[in-house]
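S.K.: Got a sequence here, can you model it:
(one chain, ligands or ions: 1)
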Amino acid sequence: MQSTNFDIAIIGAGAAGLHLALAIGKDPFFANKRILILDKSSKEENDRTWCFWEKGNGLWDHILLQKWSKGDFFSKDIAIPLELNPYQYKMIRSIDFYKFAKNEITTNPIFHWKKEEVISIQNGVSIHINSSENSYTAEYVFDSRIPEDFTQKKDKYTRILQHFKGWVIRSKEDFFDPERFTLMDFRLLWPNSTSFTYVLPLNKKEALVEFTLFSPSLLKDGDYEMMLQRYVTEILKLKDFEIIEHESGVIPMSDFPFEKYSAGKHSRIGTAGGWVKPSTGYSFKNCERNSKKIIKNVKEGKSANKGLISKKFRLYDSLLLDILNRQNEMGPRLFEIMYSKFPVQKIFSFLDDQTSFSEDLSIMIGFPQKPFLHSLIKHTTR
Ligand SMILES: Cc1cc2nc3c(=O)[nH]c(=O)nc-3n(C[C@H](O)[C@H](O)[C@H](O)COP(=O)(O)OP(=O)(O)OC[C@H]3O[C@@H](n4cnc5c(N)ncnc54)[C@H](O)[C@@H]3O)c2cc1C
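M.R.: Residues are numbered from 1 along each chain as shown. Just a heads-up that it's a prediction; the model follows:
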């Protein structure tokens, strides 16, 4: 019988688990280790599209669906062209990422991938994992399951949602410019909300168009569809098109301290580890960055999660989340200020938690001070 003891167990073969597994698979340090991957799903569906920005070439360029160096930001009053250089905005279909990762993992003998649901974990000298079918032990566990407290507990943390529906549409005639994408378009708003549409052209006839809100609660299903229909016909002024794919999603945007739910050698990863940037909902690139940091920490014998979350940027995120929670209608103006006052490169760097304190100050000074001060006072007394 095969041993059920592993050096590392990764629970969840989603964005975070697969990023971590791929990074482990490439590092000779782990060449003689036994790594278990457990996921309840077989990851055979295209269940999402990931976009992210990065400078120059990247690890996933060979599986990208599309990339852009130029884009646009629209508010009600202004149109801002975005020249992203040296950044590019990149798009991957999840199925292409899953296929690539699965192929790398299943051909590497250090990995043992099982389709099983994890039911519980007990921390000890080794960590015990109980799945729907088996029990395992592992020295390190990286866990994508979201802590129950996040969904159940009433606490002081802010929770809003990034929620969206999108269509891949196909026009009859050439209509889109595949060299240019729309990052955010606030010209069509759901009343009193932070809502916008983005457009990701795949070629001259096809584009993914998504209507998105950053807000405390979901809309009715038909409302997203109605807004998409209005955006395509009234803003894009495209009448003759067919819908060829649908996408929808809900991403938590929260300053909940996910990192506190990691203990000893049991670490939460991905959404469950707080890797979703609370103020933007992006996490794909964080999965790459944090996997690298985890591997470095493990190799140096440090706590696996050390240095993953920046307190400074978490504070900024908390303030913005609080404003969006209290005064959701302010979002469009705040994003307009951001993209009209600062070069997109500086914004990307800030949103990647890469700016210095003096750069942060130069950005923050451009925003209306009152709502941020209000949120800061609330934050420090909560
Ligand atoms: C539709 C959609 C679009 C998104 N688009 C973007 C984007 O463009 N850019 C971006 O940066 N971010 C995006 N995100 C946010 C974020 O990047 C993704 O949600 C990302 O997939 C999160 O990674 P994860 O590994 O934490 O979770 P997931 O990718 O959801 O993976 C979790 C895995 O754990 C497994 N699992 C859960 N519970 C158990 C259990 N008990 N036992 C075994 N397995 C279990 C699940 O089956 C799943 O495979 C998007 C999210 C959604 C939903």
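S.K.: Can you give the domain ranges for the protein?
M.R.: Domain segmentation of the chain under automatic domain parsing yields 5-48+94-153+255-299, 159-253, 311-380.
S.K.: and the residue of the chain found nearest the ligand, what is it in contact with?
M.R.: Minimum separation of the chain from the ligand (C-beta to the nearest ligand atom) falls at residue 14, amounting to 1.7 Å. Where C-beta positions appear, they are placed from N, C-alpha and C, glycine not excepted. Residues near residue 14 by C-beta atoms under 8 Å, 6 or more residues apart in numbering: 39, 43, 144, 270.
S.K.: Count the residues that sit near the last one.
M.R.: Residue neighbour count, defined by other C-beta atoms under 10 Å, stands at 26 for residue 270.
S.K.: Could you tell me the model confidence score at it?
M.R.: With respect to pLDDT, residue 270 scores 98.
S.K.: Near the ligand, which residues of the stretch 101-250 of the chain are found?
M.R.: 117-118, 144-145, 247, 249 (C-beta under 6 Å from any ligand atom).
S.K.: Apply 8 Å and report the result again.
M.R.: Applying C-beta under 8 Å from any ligand atom, we find that the stretch 101-250 of the chain lies next to the ligand at 116-119, 131, 144-146, 164, 247-250.
S.K.: Out of those residues, which end up buried?
M.R.: 116, 118, 131, 144-146, 164, 247, 249 (16 or more other C-beta atoms under 10 Å).
S.K.: I'd like these laid out as TSV, including distance to residue 138, secondary structure and pLDDT.
M.R.: Listed next are those as TSV, based on distance: C-beta to C-beta, whole Å; DSSP: H, G, I helix; E, B strand; the rest coil; pLDDT from 0 to 100:
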residue	distance to residue 138	secondary structure	pLDDT
116	14	coil	97
118	11	strand	97
131	12	strand	95
144	15	coil	98
145	15	coil	98
146	20	coil	96
164	36	strand	98
247	34	strand	95
249	31	strand	96
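S.K.: tell me the two of those residues that are most distant?
M.R.: Using C-beta to C-beta, the pair of those lying farthest apart is 131 and 164, separated by 32.4 Å.
S.K.: Where does residue 128 sit: helix, strand or coil?
M.R.: Under the three-state scheme (DSSP: H, G, I helix; E, B strand; the rest coil), residue 128 adopts strand.
S.K.: That one and residue 134 touch, don't they?
M.R.: No: with contact defined as C-beta atoms under 8 Å, residue 128 and residue 134 do not form a contacting pair (11.2 Å).
S.K.: Quick one: end-to-end distance for stretch 105-114.
M.R.: 12 Å (C-alpha to C-alpha, to the nearest Å).
S.K.: model confidence over that stretch, on average?
M.R.: For stretch 105-114, the per-residue pLDDT averages 97.
S.K.: Which positions in it come out as buried?
M.R.: Quick answer for stretch 105-114 (16+ other C-beta under 10 Å): 105, 108, 110-113.
S.K.: do the same with stretch 65-84
M.R.: In stretch 65-84, counting by 16+ other C-beta under 10 Å, buried: 66-68, 71-75, 82, 84.
S.K.: need the residues you listed in JSON lines with pLDDT and secondary structure, can you?
M.R.: As requested, the buried residues of stretch 65-84 are exported to JSON lines (pLDDT from 0 to 100; DSSP: H, G, I helix; E, B strand; the rest coil):
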{"residue": "66", "pLDDT": "98", "secondary structure": "strand"}
{"residue": "67", "pLDDT": "98", "secondary structure": "strand"}
{"residue": "68", "pLDDT": "98", "secondary structure": "strand"}
{"residue": "71", "pLDDT": "98", "secondary structure": "strand"}
{"residue": "72", "pLDDT": "98", "secondary structure": "strand"}
{"residue": "73", "pLDDT": "98", "secondary structure": "strand"}
{"residue": "74", "pLDDT": "98", "secondary structure": "strand"}
{"residue": "75", "pLDDT": "97", "secondary structure": "coil"}
{"residue": "82", "pLDDT": "98", "secondary structure": "strand"}
{"residue": "84", "pLDDT": "98", "secondary structure": "coil"}
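S.K.: Return the member of the residues you listed nearest to residue 203.
M.R.: Nearest to residue 203 among the buried residues of stretch 65-84, with distances taken as C-beta to C-beta, is residue 66, at 8.5 Å.
S.K.: Could you pull up the residues touching the closest one?
M.R.: Taking C-beta under 8 Å, 6+ apart as the contact definition, residue 66 lies against 90-91, 178, 200-202.
S.K.: Kindly indicate which of the residues you listed lies nearest residue 239.
M.R.: residue 201 (17.5 Å).
S.K.: Specify the beta-bridge partners of the closest one.
M.R.: Applying DSSP bridges to residue 201 gives these bridge partners: residue 207.
S.K.: Quick check: it touching residue 170?
M.R.: No: assessed by C-beta under 8 Å, residue 201 is found out of contact with residue 170, at 11.3 Å.
S.K.: between the domains of the chain, which gets nearest to residue 54?
M.R.: domain 5-48+94-153+255-299 (6.4 Å).
S.K.: In the sheet, which residues pair with the nearest residue to residue 225 once chain neighbours are set aside? Tell me.
M.R.: Computed as C-beta to C-beta, 6 or more residues apart in numbering, the closest residue to residue 225 that is not its neighbour in sequence is residue 165, at 6.6 Å. Applying DSSP bridges to residue 165 gives these bridge partners: residue 211, residue 248.
S.K.: So that it lines up with my notes, have the first residue be 5 from now on.
M.R.: Understood, numbering begins at 5; the last thing we discussed is residue 169.
S.K.: Who are the contact partners of residue 169?
M.R.: Counting by C-beta under 8 Å, 6+ apart, residue 169 has contacts 214-215, 225, 228-229, 232, 250-252.
S.K.: Buried ones in the one helix or strand residue 256 maps to, by neighbour count?
M.R.: Using DSSP states H and E, the element containing residue 256 is strand 245-258. Using 16+ other C-beta under 10 Å as the test for burial, strand 245-258 gives 245, 251, 253, 255-258.
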